[in-house]
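>>> got a structure for you, letters missing:
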Ligand code: ADP
């Protein structure tokens, strides 16, 4: 803005000496113009600072609230589990249905709080990253086995293939788990019918490529540009449906892919996808080996 003020002052002076003879009048015009621009710049600057501050306060507020909500929700889940197990007396079948609803809703709240906490950390730039040597094949295998009950309940088969000479990579174990969990969860959740999810791990020069291919409904063309945006959820979610598995009920937060992309970029990688309506979706990410 300072540069613009200087240029405007010089330009108005050069134009002024062409058309106005009185040097005092020229000086007055240049001064008035510079003064106006200066006030303008000041107002813009203050507005931006206020916006940045408001955004910082909002992010901090979300982080604190999510953090504070974690313990009561965990206690609530624990109490529901204990009641359902009959620890405090026998539960009637009709009561059990209501407890199941409570359990599902507390799991959803837990998911939302977890996602909000990660999102606020990403926005504050405080997401903890601790790199170590990891073997992606083992991690993927163990996550697939964790997802098997959900896949089975959703009628989805999971296949896994990998290059035998896949190198170790230097990355953050916890964060990469969040990434794979989000992608696998989406691929199963949005399938909407009997289907197949295939995961491939490939060796590239100085990189490892992760592919997750599903033959689900695909992502609508008009939705594709928003897919990594915070809170984006496609309105047509043929795959989103009820399951009896806690934490895997209908609905999501719309934060999963935003978090996934932010983590991959923070780890020095790249993520993208291809999707065809009615055919399926493939998400890819690459991570550097070092
Ligand atoms: P969430 O799953 O919590 O809604 P995400 O950020 O993980 O949020 O996903 C955003 C949206 O992208 C989802 O609501 C869904 O509409 C769409 N989506 C993501 N993955 C897939 C997929 N594999 N197939 C079809 N749609 C998908």
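That came through, no problem. Keep in mind that what you see is a predicted model, and the values were worked out from it rather than measured. Numbering: from 1, shown residues only.
>>> Please identify the buried residues of stretch 98-110?
Neighbour-count burial for stretch 98-110 flags 102, 103, 104, 106, 107, 108, 110 (criterion: 16 or more other C-beta atoms under 10 Å). For every residue, glycine as well, the C-beta is placed using N, CA and C.
>>> Now do the first one, the pLDDT please.
Spelled out, that is residue 102. As predicted, residue 102 sits at a pLDDT of 92.
>>> Go through this structure and flag its longest helix.
The longest helix of the chain (DSSP state H) is helix 23-84.
>>> Between helix 23-84 and the following helix or strand past that helix, find me the angle.
Next helix or strand after helix 23-84 toward the C-terminus (DSSP states H and E): helix 93-124. Per axes from the mean of the first three to the mean of the last three C-alpha atoms, to 10 degrees, the angle that helix 93-124 makes with helix 23-84 is 150 degrees.
>>> what packs against helix 93-124?
helix 23-84, helix 256-266 (3 or more C-beta pairs under 8 Å, 6 or more residues apart in numbering; DSSP states H and E).
>>> Tell me the secondary structure at residue 268.
The three-state label given to residue 268 by DSSP: H, G, I helix; E, B strand; the rest coil is coil.
>>> which of the buried residues of stretch 98-110 sit farthest apart?
Distance extremes for the buried residues of stretch 98-110: the farthest pair is 102 and 110 at 12.5 Å, using C-beta to C-beta.
>>> got the contact list for the helix or strand that contains residue 12?
Secondary-structure assignment from DSSP H and E places residue 12 in helix 2-19. Under the criterion C-beta atoms under 8 Å, 6 or more residues apart in numbering, residues 25, 26, 29, 30, 33, 34, 37, 38, 41 lie in contact with helix 2-19.
>>> now stretch 270-278
Residues outside stretch 270-278 that contact it (C-beta under 8 Å, 6+ apart) are 217-221, 224, 227-228, 260-261, 264-265, 281-286.
>>> do stretch 137-154 as well
Stretch 137-154 has contacts (C-beta under 8 Å, 6+ apart) with 157-158, 160, 162, 166, 173, 176-177, 180-181, 184-185, 188-189, 191, 197, 199, 201, 210, 243-245, 248.
>>> Now do it, average pLDDT.
The average pLDDT within stretch 137-154 is 96.
>>> next one: stretch 46-66
For stretch 46-66, mean pLDDT is 91.
>>> Can you pull out the residues in contact with that stretch?
Residues from elsewhere that reach stretch 46-66 (C-beta under 8 Å, 6+ apart): 113, 116, 117, 119, 120, 121, 123, 124.
>>> Just give me the neighbour total for the closest residue to the last one other than its chain neighbours.
Ranked by C-beta to C-beta, 6 or more residues apart in numbering and with sequence neighbours excluded, the top spatial neighbour of residue 124 is residue 59, at 5.6 Å. Residue 59 has 17 neighbours, counted by other C-beta atoms under 10 Å.
>>> Wait, residue 45 touches residue 38, no?
No. Counting by C-beta atoms under 8 Å, residue 45 stays clear of residue 38, with 10.5 Å between them.
>>> how many other residues sit next to residue 213?
Neighbour tally, residue 213, other C-beta under 10 Å: 18.
>>> Mind checking if whichever strand or helix holds it is in reach of the ligand?
If you go by DSSP H and E, residue 213 is part of strand 207-214. Yes. Strand 207-214 comes into contact with the ligand (C-beta under 6 Å from any ligand atom), by way of residue 214.
>>> Mind listing what's buried along that strand?
207, 208, 209, 210, 211, 212, 213, 214.
>>> Just list the residues touching the second one, thanks.
Spelled out, that is residue 208. Applying C-beta under 8 Å, 6+ apart to residue 208 gives the contacts 136, 166, 167, 169, 201, 202, 286, 287, 289.
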